[in-house]
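Novice: test case, fold it:
(one chain, ligands or ions: 1)
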Amino acid sequence: MTRHRLVMSQNTANQQPPEEPILVQKSTAQVHAAQELEIQEPSTHQSTAQQPSPSALSNQQLTMEALANQVTGCTATSQQSTSPDSRQQIVNNQNIDADEDFQDEAYASSVNSSSLTSIASDVRRGVEENGRLYPSYGRNTYGMPVDEQELDRNDLQHAKFLLLLRDRLCLAPIDPSPTRILDVGTGTGIWAMDMGDVFPSAEVIGTDIAPVQPTWVPPNVQFVVEDAEDDWTFTPGTFNLVFGRELFMAIRDWPRFMSQAHTALKPGGWLELSASYPRTHCDDGSLDLKTSFYAQSVEIYYEIAAAMGTSLEAPRSWAQQMRDAGFVDVRERIFKMPMGPWAKDKRLKSIGVFELAQLNAGYEGYLLRGWTQALNRAADDLRILISEGRLEVNNPRHHTYCHL
Ligand SMILES: C[S@@+](CC[C@H](N)C(=O)[O-])C[C@H]1O[C@@H](n2cnc3c(N)ncnc32)[C@H](O)[C@@H]1O
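Specialist: Predicted coordinates:
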């Protein structure tokens with residue numbers, strides 16, 4: 001499904017104005033893909049220290065193609081001079097050309113060793129439902145599984161983000177020598193560990209309701225079982241960056257989340273949020289979305305998420321909610337993401353490959369719990385719908401994309 005990403009800065013009124021452009025945000029809305037991200041790159045705020053280089057990242061995440069080692073564009077804006085509208089950027093606002101020649105090619109038991117982590121065995125075990133494993137910790141029901149299949153999907157998604165962001169781990173122009181970074185809903189912890197490698201000066205903390213992170217981690221990285229919907233326990237004003245990526249069906253009260261992030265950040269710190277916007281698009285009519293099984297399943301996904309109190313529309317409100325929480329220099333960036341390898345552009349093709357791979361791995365996981373619990377329907381019925389939808393999105397003649 002899609003993704004869409006949003007970055008914010010904290011920059012409280014009394015902070016020093018940053019030398020570099022401030023915020024970036026990307027979000028829902030409509031995007032046009034193509035040869036994208038570098039489009040609007042006004043003044044480069046290319047602080048090497050804040051742009052992880054490919055060599056600094058895990059090699060296995062970068063095997064699809066060589067990536068340009070440059071910053072994705074984030075337009076500079078000062079709080080005073082920028083109107084809210086100008087802070088929203090459609091990053092890749094061109095049609096995606098299809099590759100006409102293309103032929104179809106075809107709960108971890110580990111518990112982290114952080115002294116901050118204290119979990120009971122039932123939290124480690126999780127809860128099994130319909131053959132999938134879900135977290136047993138947390139005040140609310142999380143809609144996605146946390147088993148091996150889902151963790152594999154998370155890692156595929158991480159690789160896709162690296163391609164999309166041209167090898168950057170985040171867009172926020174954080175201090176080159178950060179001291180504390182928080183990754184809320186860290187999942188496999190892959191982003192947190194990469195950040196720990198790239199920023200050895202920083203203590204990187206990854207939180208999650210599921211203890212699915214590896215035991216052996218860089219010395220400056222730790223994982224904590226913590227529910228982001230609870231009161232945050234971190235010392236206020238200590239983080240350079242609070243990061244949250246793909247928190248689908250995880251957070252209900254986003255204004256509270258923003259407020260807690262604002263409190264946790266240092267003056268001048270940044271909040272960066274990313275999320276997919278799964279609604280499917282097809283510009284050339286190669287897939288009729290009115291009759292599409294896949295499009296139907298996406299609508300069900302929206303229905304399920306809304307029923308669980310975690311609307312997929314939430315990212316559309318993030319920018320304003322951030323401003324309401326006291327953030328300044330809020331920027332929104334929107335990416336258009338092909339689903340599958342149908343794009344002519346090599347890099348978009350690679351992104352599409354990862355997108356489709358993560359979708360294939362996650363299709364059932366997105367829907368199963370909500371389908372059975374919120375809609376009270378039989379798991380097997382969902383599996384039939386998914387098998388039809390899967391055929392559609394795996395057909396490279398169907399030029400579908402979504403927004404991230
Ligand atoms: C889709 S995964 C994304 C993982 C990671 N951010 C990434 O981009 O690879 C969402 C993660 O959020 C965690 N999560 C869900 N609800 C949460 C909550 N209320 N507090 C903390 N973590 C939560 C889930 O257990 C899961 O690991």
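
Novice: could I get the phi/psi values of residue 312?
Specialist: Backbone torsions of residue 312, given as degrees, to the nearest 10, read phi -70, psi -10.

Novice: show the pLDDT at it.
Specialist: Listed pLDDT for residue 312 reads 95.

Novice: please report how far it lies from residue 202.
Specialist: 31 Å (Cβ to Cβ, to the nearest Å). C-betas here are computed from N, CA, C, even on glycine.

Novice: what residues does the stretch 1-150 of the chain have near the ligand?
Specialist: Counting by Cβ under 6 Å from any ligand atom, the residues of the stretch 1-150 of the chain close to the ligand are 135, 138, 142, 144, 146.

Novice: tell me the contacts of the fourth one?
Specialist: When you say that, I think you mean residue 144. Going by Cβ atoms under 8 Å, 6 or more residues apart in numbering, residue 144 touches 134, 150, 248, 249, 250, 362, 365, 366, 369.

Novice: neighbours of the fifth one, how many?
Specialist: In this case it means residue 250. 23 (other Cβ atoms under 10 Å).

Novice: please apply the same query to residue 278.
Specialist: Residues lying near residue 278 (other Cβ under 10 Å) number 22.

Novice: same question for residue 236.
Specialist: Here the count is done by other Cβ under 10 Å, and residue 236 has 12 residues near it.

Novice: need the three-state assignment for it.
Specialist: Under DSSP: H, G, I helix; E, B strand; the rest coil, the three-state class of residue 236 is coil.

Novice: didn't it look like it was pressed against residue 264?
Specialist: Yes. Here residue 236 lies in contact with residue 264, judged by Cβ atoms under 8 Å, at a distance of 6.3 Å.

Novice: least confident of the contacts of residue 144?
Specialist: residue 248 (88).

Novice: that one belongs to a strand?
Specialist: No. Going by three-state DSSP, the assignment for residue 248 is coil, not a strand.

Novice: the residue nearest to it when sequence neighbours are not counted: helix or strand, and which one exactly?
Specialist: Nearest non-adjacent residue to residue 248, counting by Cβ to Cβ, 6 or more residues apart in numbering: residue 144, 6.2 Å away. Assignment of secondary structure by DSSP states H and E places residue 144 within no helix or strand.

Novice: and for residue 155?
Specialist: helix 148-164.

Novice: can you check residue 94 too?
Specialist: Residue 94 belongs to no helix or strand, assigned by DSSP H and E.

Novice: how far away is it from the ligand?
Specialist: 27 Å (Cβ to the nearest ligand atom, to the nearest Å).

Novice: with residue 297 instead?
Specialist: Residue 297 is 18 Å from the ligand, by Cβ to the nearest ligand atom.

Novice: kindly check the end-to-end length of stretch 199-209 for me.
Specialist: Taking Cα to Cα, to the nearest Å, stretch 199-209 runs 25 Å from one end to the other.

Novice: residues in contact with it?
Specialist: If you take Cβ under 8 Å, 6+ apart as the criterion, stretch 199-209 is touched by 49, 116, 135, 137-138, 142, 177-187, 189, 191-193, 195-196, 213, 218, 220-228, 234, 240.

Novice: buried subset of these?
Specialist: Neighbour counting by 16 or more other Cβ atoms under 10 Å classes 135, 137-138, 142, 178, 180-187, 189, 191-193, 195-196, 213, 220-228, 234, 240 among the contacts of stretch 199-209 as buried.

Novice: reformat the residues of the stretch 1-150 of the chain next to the ligand as JSON lines; add pLDDT and secondary structure.
Specialist: Below are these laid out as JSON lines (pLDDT from 0 to 100; DSSP: H, G, I helix; E, B strand; the rest coil):
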{"residue": "135", "pLDDT": "92", "secondary structure": "coil"}
{"residue": "138", "pLDDT": "87", "secondary structure": "coil"}
{"residue": "142", "pLDDT": "93", "secondary structure": "coil"}
{"residue": "144", "pLDDT": "93", "secondary structure": "coil"}
{"residue": "146", "pLDDT": "94", "secondary structure": "coil"}
